[in-house]
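# Sharing a model prediction with you, sequence too.
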Amino acid sequence: MISKKIYQEAIFNAIKKGSTVISPDVAAAFERAIGKESRPAAKEGLQKTLDSIRLSAKLGNPACPDTGWPIFYFKIGNECQLEGGMMALEEATRNAVRRATKEGFLRATMKHPLTGYDPGDNIGENVPNFTYQFVPGADLEVTYVAKGGGSECFGGTRHRVVAFADGIKGIEKFVIDSFVEATRSGGICPPNVLGIGIGGTANIAANLAKEAACLRTVGSHNPDPQFRKIEEDLYEALNSLGVGIMGIGGDTSVLGVNVEYAYTHIAGICVAISSNCMVARRGSFRVCADGTIQEMTSPDWFVGR
Amino acid sequence: MATYYLKTPLSEQDVTQLKLGDVVYITGDAFTCRSRLHRWVLDENHPLPEAGKQRDLLIHVGPIVLREDGGFKLVSFMPTSSIRFEKWGARAVDEWGLRMIIGKTTMGEETMAMMQKKKCVHVSPQCVSPNSWVQNINITDVELFDELGTIEATWHMTVDKLGPFVVDIDCYGNNLYKNHEHEVDEAREKALEKLGIGTDFEYTKLY
């Protein structure tokens, strides 16, 4: 039985780490982008961003003040036993979000969609948001994602249904056109990790795109060669656009392109994109059945897909 | 492209000399504003906070601020997207007497026209570096904290060589990003062509 105190601490750790420390794969992607950048203003922008990110890790403050929607992904072992049962997990998460907001690791960003009421602690209807996966074993794994408003609100997340007659061409055109529109004047804070969901209903495609953007490590590939080819072709195509950091022009427009898919209906192929922030933030921790808390460098969300 | 170190209050000359792509560092007094304050003043007809009456540098930002020892501690700062305040932009420039707006992205045609008329510029960050900025900002006061909350309140900021920001709207009706769009659009055609998607490609209409 894992005590509530322990798993609540692991959730808090995931928020704190996710908000303040960038994952090694994202930092490496920044280094590569700085190395190959030919335009001085873009190179300076990337370097200043990385310097600031590194300083946040030292100072323990948020790498970006827009800590966004607090989103949680749980992998729950089939034999996992939690004090208070599974329903207590969500209450523990809300407690951890409240504490992280009070301590300045999260900005009080969530508000009522109509009245604008700000509860001040990022807690409200359907927020934070939870996604669960059930896996073999007795451990609990939690991943916190800070989904910023820039990458979410300015066209970086959208979908379209493409006819089978249009196939891969239709999918790729939608992705490129959408990305161009979303990066006009730097709306979604490029360069981004771009997630793409292909197939399923609109919400399935959108969820896959979000998970591809936020839970896959930069530089990982879809194991299916057909989807890997789409990742590689789009990575090259998008980086040839010259969008650059904050849309001011530069050699790197995406840090990575990750594709996930679901089987679809014979009538059409839903394709969704989801852009992660340039300052892509996530934190993952495992709570073992014996109560030990371990940090994870990757959410391992798609392991065993 | 030149680099300028400017001080508030900004003169007409300070901003009319700026060209698209110039880099600006700014020292002096600023106030902050997001959607809620625009609405509060321009739609709901409340008076403009004192900071807005006295200051000509507006920053579109929702900072993370903690209350500590009776004072305020700025934890994180990154300008937010200006484009979503376009509905209020022209009136804010006109009625609040602004000379410079710092914000992410840019603003639209109406605000640009008013900026040209009133001699005001928009400048935009070329990076996401809250930590370098936090060191250059001192929070001195806040207005409408209870009414609008931490993020939407008007913070009084004294800034010291805050930057670098790129001039993306000048006083002459020009926009840096509009110019850059053409470069991206040309590159997009080439990228699509390389993927075998010609300019004649049309989606099968499903709805």
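Done, it's in. Numbers count the residues shown, from 1 in each chain, chains lettered A, B, ... in the order given.
# May I have the predicted confidence score for residue 206?
Reading this off chain A. Note on residue A:206: pLDDT of 98.
# wrong chain, I was asking about chain B
Looking at residue B:206, its pLDDT is 91.
# Okay, strands next: where are they in chain B?
B:3-7, B:23-32, B:57-59, B:64-68, B:71-76, B:100-102, B:121-125, B:137-143, B:154-169 (DSSP state E).
# Quick one: closest of those strands to chain A.
strand B:71-76 (3.7 Å; C-beta to the nearest C-beta). Bear in mind the C-beta positions are built from the backbone N, C-alpha and C, glycine included.
# Compute the inter-axis angle for that closest one and strand B:137-143.
Here strand B:71-76 runs at an angle of 120 degrees relative to strand B:137-143 (axes from the mean of the first three to the mean of the last three C-alpha atoms, to 10 degrees).
# can you count the residues close to residue B:145?
When neighbours are defined as other C-beta atoms under 10 Å in any protein chain shown, residue B:145 has 16 of them.
# for it, what are its contacts?
Going by C-beta atoms under 8 Å, 6 or more residues apart in numbering or on different chains, residue B:145 touches residue B:153.
# Test for you: state the pLDDT assigned to it.
On the pLDDT scale, residue B:145 is placed at 90.
# For it, give its distance to chain A.
11 Å (C-beta to the nearest C-beta, to the nearest Å).
# which residues touch residue B:91?
Counted by C-beta under 8 Å, 6+ apart, residue B:91 has contacts residue B:42.
# Pull out the buried positions in stretch B:156-172.
B:156-159, B:162-171 (16 or more other C-beta atoms under 10 Å in any protein chain shown).
# Tabulate the strands of chain B (TSV), appending distance to chain A.
Shown next, in TSV, are the strands of chain B (distance: least, C-beta to the nearest C-beta, whole Å):
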stretch	distance to chain A
strand B:3-7	11
strand B:23-32	8
strand B:57-59	12
strand B:64-68	5
strand B:71-76	4
strand B:100-102	13
strand B:121-125	7
strand B:137-143	12
strand B:154-169	6
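# and these, which is most packed in?
Stretch with highest mean neighbour count among the strands of chain B: strand B:121-125 (a mean of 27; mean count of other C-beta atoms under 10 Å in any protein chain shown).
# Next, give me the two most distant ones among the buried residues of stretch B:156-172.
Within these, two members stand farthest from each other by C-beta to C-beta: B:156 and B:170, at 27.4 Å.
# Now the lowest-mean-pLDDT helix or strand in chain B - C-alpha only, PDB.
Here the helix or strand of chain B ranked lowest by mean pLDDT, DSSP states H and E is strand B:64-68, holding a mean of 84. What follows is strand B:64-68, C-alpha atoms only, in PDB (Å, rounded to 0.1, in the frame of the first residue of the first chain):
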ATOM      1  CA  ILE B  64       4.400  35.600 -11.100                       C
ATOM      2  CA  VAL B  65       4.700  37.700  -8.000                       C
ATOM      3  CA  LEU B  66       4.800  36.500  -4.400                       C
ATOM      4  CA  ARG B  67       4.000  38.700  -1.400                       C
ATOM      5  CA  GLU B  68       6.900  38.600   0.900                       C
END
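# Not counting that strand itself, show me its contacts.
If you take C-beta under 8 Å, 6+ apart as the criterion, strand B:64-68 is touched by A:61-62, A:65, A:104, A:107, B:72-77, B:139, B:142, B:150, B:155.
# How about stretch B:156-163?
The contact list for stretch B:156-163 (C-beta under 8 Å, 6+ apart) reads B:5, B:23-32, B:51, B:57, B:59, B:102, B:133, B:136-143.
# and what of stretch B:106-113?
So stretch B:106-113 is contacted by A:185, B:82-83, B:85-86, B:89-90, B:93, B:101, B:115, B:122, B:124, B:168-169, B:173, B:175-177 (C-beta under 8 Å, 6+ apart).
# List buried residues within those residues.
With burial judged by 16+ other C-beta under 10 Å, the buried subset of these is A:185, B:82-83, B:85-86, B:89-90, B:93, B:101, B:115, B:122, B:124, B:168-169, B:175-177.
# shouldn't residue A:235 be in contact with residue A:255?
No - in terms of C-beta atoms under 8 Å, residue A:235 does not count as a neighbour of residue A:255; the distance is 9.3 Å.
# Are there residues contacting both of the two? Which ones?
Both residue A:235 and residue A:255 lack any common contact, where contact means C-beta under 8 Å, 6+ apart.
# how far off strand B:137-143 does the least confident helix or strand of chain B point, in degrees?
Using the same axes, to 10 degrees: strand B:64-68 against strand B:137-143 is 80 degrees.
# what's the angle from strand B:64-68 to strand B:154-169?
Taking the same axes, to 10 degrees, one finds strand B:64-68 and strand B:154-169 inclined to each other by 160 degrees.
# partners of strand B:64-68, with directions?
strand B:71-76 (antiparallel) (DSSP bridges).
# tell me the contacts of residue A:11?
By C-beta under 8 Å, 6+ apart, the contact list for residue A:11 reads A:72, A:92-93, A:96, A:142, A:144, A:285.
# Just checking the distance from the biggest helix by length in chain A to the centre of its chain.
Ranked by residue count, the top helix of chain A under DSSP state H comes out as helix A:40-59. Chain-centre distance of helix A:40-59: 20 Å, with C-alpha atoms, centre = their mean, to the nearest Å.
# Then stretch A:154-167?
That offset, for stretch A:154-167, works out to 20 Å (C-alpha atoms, centre = their mean).
# Now do the end-to-end distance for it.
26 Å (C-alpha to C-alpha, to the nearest Å).
# So that stretch, near chain B or not?
Yes - applying C-beta under 8 Å from any C-beta of the partner chain, one finds stretch A:154-167 touching chain B at A:154, A:161-163, A:165-166.
# Specify the residue ranges that define each domain of chain A.
Structural domains assigned to chain A are A:4-21+A:62-148+A:281-296, A:150-275, following automatic domain parsing.
# and residue A:39, which of these is closest to it?
domain A:150-275 (5.2 Å).
# First-to-last residue distance for the closest one?
Domain A:150-275 end-to-end distance (C-alpha to C-alpha) = 9 Å.
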